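Novice: turn this into a model:
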Amino acid sequence: MSSGPPPGVTGTSGPPPGATGTRSGGYVDPDWPFPGGKNDAPVIIYGYTPSFVLALLAVILFFLFFVVHLVQVTRYRSWYFVTFSIGLGFEIVGYIARLLSAKKNPYNLIYFILQYFFVVTAPVFLAAGIYTILSALIHRLGREYSLLNPKLILWIFITSDAIATVTQISGAALIGVRQTNRADPTDANNILLGGLAYQVFAIGVFVILSAAFIFRARDKIRRNGLTKFVMAFSAATLLIYLRTVFRLAETAEGLGGELSTNEVYFGVLEFAPVVLAVLLLTMWHPGRCVGSKVSAGKLEDESSGYQLDSRA
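Specialist: Here you go, the predicted structure:
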């Protein structure tokens with residue numbers, strides 16, 4: 001394994017000559033002198049100085065979503081959807097680290113590693129929550145509309161999500177170790193790439209199964225007043241899928257690529273899709289719209305006795 005600096009980083013003490021304000025050899029903010037601390041990289045690994053406004057907005061939004069989702073999961077006892085709250089917790093930690101990068105020190109490796117690890121892996125937990133919604137819908141509307149048994153769907157995609165989680169966490173953690181040691185992160189990046197590729201495949205299969213179920217159950221969806229909820233669920237699924245495809249393309253390029261060194265891509269294809277997906281499933285929460293344990297064709301949650309919202 002190479003012991004040299006990661007791609008786009010030259011040297012180990014101070015910014016490389018000619019790098020100020022450019023991405024040749026790494027990015028150095030001309031308005032932010034190199035701090036020279038022991039945890040500081042010689043260049044800003046992001047490829048830009050992160051936006052303080054974007055990071056602060058993300059922390060505020062995800063914290064509010066986190067609180068609302070915890071309240072709803074508890075109120076409606078929809079514990080199957082608790083992984084969504086876990087994902088939101090990851091988003092909060094990741095964006096707090098990004099906020100520190102933007103406000104205190106964009107060269108700091110610890111801040112970069114924390115934001116990279118938590119922001120990259122958070123949507124894996126969000127996807128796990130989305131997978132459970134299809135199973136709950138099948139229980140609510142009827143097994144006959146699904147191509148596969150709801151329990152089998154749950155096991156397939158929870159297992160897939162576990163594989164994607166372990167692989168992506170391992171890759172992201174190793175990237176952090178490589179960056180800390182100023183070593184080549186290519187092997188760690190390839191592990192993360194594999195996890196993302198697998199997740200793109202899994203979500204793609206899930207989209208096909210969901211589309212088939214929704215098409216076959218479309219009349220019953222309408223009769224049960226679930227049209228808006230199903231539209232929100234479908235849009236949220238596609239948004240998380242879009243974000244995962246973006247991360248796959250970004251990781252395939254490697255650190256220092258066009259996608260990873262332009263914050264516009266991050267804002268439009270990472271931050272925005274996740275926020276919109278979470279917003280949709282906050283407004284149309286599956287616990288309120290579908291219930292916790294709903295038998296096919298029934299409009300009342302048998303475990304809690306409350307009437308499900310027929311306006312979903």
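Novice: CA atoms for contacts and neighbours, from now on please.
Specialist: Fine.
Novice: I163 sits in which helix or strand?
Specialist: helix 150-180 (DSSP states H and E).
Novice: name the helix or strand of the protein that has the lowest mean pLDDT.
Specialist: None of the helices or strands of the chain scores lower by mean pLDDT, DSSP states H and E than helix 150-180, at a mean of 81.
Novice: tell me the buried residues in the helix holding I163?
Specialist: Neighbour-count burial for helix 150-180, with 16 or more other Cα atoms under 10 Å as criterion, is recorded at 150, 153-154, 157-158, 160-162, 164-165, 167-180.
Novice: what does stretch 212-223 give?
Specialist: Neighbour-count burial for stretch 212-223 [16+ other Cα under 10 Å]: F213, I214, A217, R218, K220, I221.
Novice: what are the contacting residues of the helix or strand encompassing L276?
Specialist: In the assignment (DSSP H and E), L276 maps to helix 272-283. Identification of contacts with helix 272-283 by Cα atoms under 8 Å, 6 or more residues apart in numbering yields 61-62, 65, 68-69, 123, 232-233, 235-237, 239-240, 242-243.
Novice: just stretch 149-163 next, same as before
Specialist: Stretch 149-163 has contacts (Cα under 8 Å, 6+ apart) with 124-125, 127-128, 131-132, 134-136, 138-139, 143, 195, 199, 202, 206.
Novice: for these, work out which two are farthest apart.
Specialist: R143 and G195 (31.1 Å; Cα to Cα).
Novice: more neighbours, these two?
Specialist: Taking other Cα atoms under 10 Å, R143 and G195 do not tie; G195 has more neighbours (23 against 17).
Novice: so what pLDDT did the more buried one get?
Specialist: The score at G195 is 88. That number is its pLDDT.
Novice: try G4
Specialist: Listed pLDDT for G4 reads 36.
Novice: next: Y48.
Specialist: The model reports Y48 with a pLDDT of 94.
Novice: could you list the low-pLDDT ranges of the protein?
Specialist: Scanning the chain for pLDDT under 70 picks out 1-25, 179-180, 182, 292-312.
Novice: any idea which residue sits dead centre in the chain?
Specialist: P123 (2.1 Å; Cα atoms, centre = their mean).
Novice: could you measure from that residue over to S78?
Specialist: Using Cα to Cα, to the nearest Å, one obtains 19 Å as the distance from P123 to S78.
Novice: elements contacting the helix or strand where T237 lies?
Specialist: Secondary structure assignment for T237, by DSSP H and E: helix 227-253. If you count contacts as 3 or more Cα pairs under 8 Å, 6 or more residues apart in numbering; DSSP states H and E, helix 227-253 packs onto helix 109-141, helix 186-216, helix 272-283.
Novice: please repeat the previous calculation with a cut-off of 6 Å.
Specialist: Counting by 3 or more Cα pairs under 6 Å, 6 or more residues apart in numbering; DSSP states H and E, the packing neighbours recorded for helix 227-253 are helix 272-283.
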